[in-house]
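Colleague: Return a 3D structure for these sequence lines:
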Amino acid sequence: MVSLTALWLPILLSAVAVFIVSSVLHMVLSYHKNDYVKLPKEAEVLDGLRNAGVVPGAYYFPCPDDHKEMGSPEMLERYTTGPVGIMTVLPNRPPMMPKHLAMWFVHSLVVSFFLAYVASRTLAAGSDYLAVFRVVGAVGFLAYSAAHASDSIWKGQAWSTTTKHIVDGLAYALVTAGAFAWLWP
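Modeller: Residues are numbered from 1 along each chain as shown. Predicted coordinates:
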């Protein structure tokens, strides 16, 4: 078993590597630019939402009051007539990129910490590069990718967008695995 304190450098380096790779994937490569589309008649829709008093939160529409109402003829008509959707409303302010980037880095540190924990409990000191790479890469892929499928299953996100996030997760897992395998004690 390897001490977690012996893995502080791969934890930190892998989080930095994930941060850099994610920056390249999202800012240099433009394959995420079509993940979201503009609302038709955006100004009118936004005026309607403001007039309705919509505040930050997650909304499902049309939204029944309970499961019993879900199958009622009135709700079925509302579903059929549409639109049906899930909407997240954020606070009224420009995107806070420094805060979001800092949170993403902390998230990557937390993922790397737990990957270090799993690896330290399953691999011995002196394990070869490929053994470390396999364990950290597989668990890292799950950590960075698996949850994205639920966005398509439950929230209607396009599978093409989910696939892009899963590919991103694979890239993050590979650089993380490489950092751990390279610096494994």
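Colleague: Next, give phi and psi for the residue of the chain most remote from its centre.
Modeller: Distance from the C-alpha centroid of the chain peaks at residue 73, with 36.7 Å (Cα atoms, centre = their mean). Per-residue torsions, residue 73: phi -60, psi -40 (degrees, to the nearest 10).
Colleague: Next one, pLDDT for it please.
Modeller: In this model, residue 73 is scored at 91, pLDDT.
Colleague: try residue 33
Modeller: 87.
Colleague: can you check residue 110 too?
Modeller: For residue 110, pLDDT reads 98.
Colleague: Likewise for residue 172?
Modeller: If you check residue 172, the pLDDT there is 98.
Colleague: Please give the element, helix or strand, for it.
Modeller: Secondary structure assigned from DSSP states H and E places residue 172 in helix 159-183.
Colleague: Next: residue 130.
Modeller: helix 129-145.
Colleague: So which elements touch that helix?
Modeller: Counting contacts by 3 or more Cβ pairs under 8 Å, 6 or more residues apart in numbering; DSSP states H and E, helix 129-145 is packed against helix 97-122, helix 159-183. C-beta: built from backbone N, CA, C; applies to glycine.
Colleague: if we compare those helices, which one ends up closest to residue 80?
Modeller: helix 159-183 (23.7 Å; Cβ to Cβ).
Colleague: re the thing from before, now what about the helix holding residue 130, what contacts it?
Modeller: Residues outside helix 129-145 that contact it (Cβ atoms under 8 Å, 6 or more residues apart in numbering): 18, 111, 114-115, 118-119, 122-123, 165-166, 168-170, 172-174, 176-178, 180-182, 184.
Colleague: Please name the residues that touch the residue nearest in space to the middle of the chain.
Modeller: Computing the C-alpha centroid of the chain and ranking residues by Cα atoms, centre = their mean puts residue 148 first, at 6.1 Å. Applying Cβ under 8 Å, 6+ apart to residue 148 gives the contacts 162, 165, 166, 169.
Colleague: Which residue, other than its chain neighbours, is closest to it?
Modeller: residue 165 (4.2 Å; Cβ to Cβ, 6 or more residues apart in numbering).
Colleague: The worst-scoring helix or strand of the chain on mean pLDDT: which residues count as buried?
Modeller: Least confident element among the helices and strands of the chain, by mean pLDDT, DSSP states H and E: helix 67-70 (a mean of 87). Neighbour-count burial for helix 67-70 flags no residue at all (criterion: 16 or more other Cβ atoms under 10 Å).
Colleague: Pull the residues that contact that helix.
Modeller: With Cβ under 8 Å, 6+ apart, helix 67-70 has contacts from 64, 75.
Colleague: any idea which helix or strand comes after it?
Modeller: helix 73-81.
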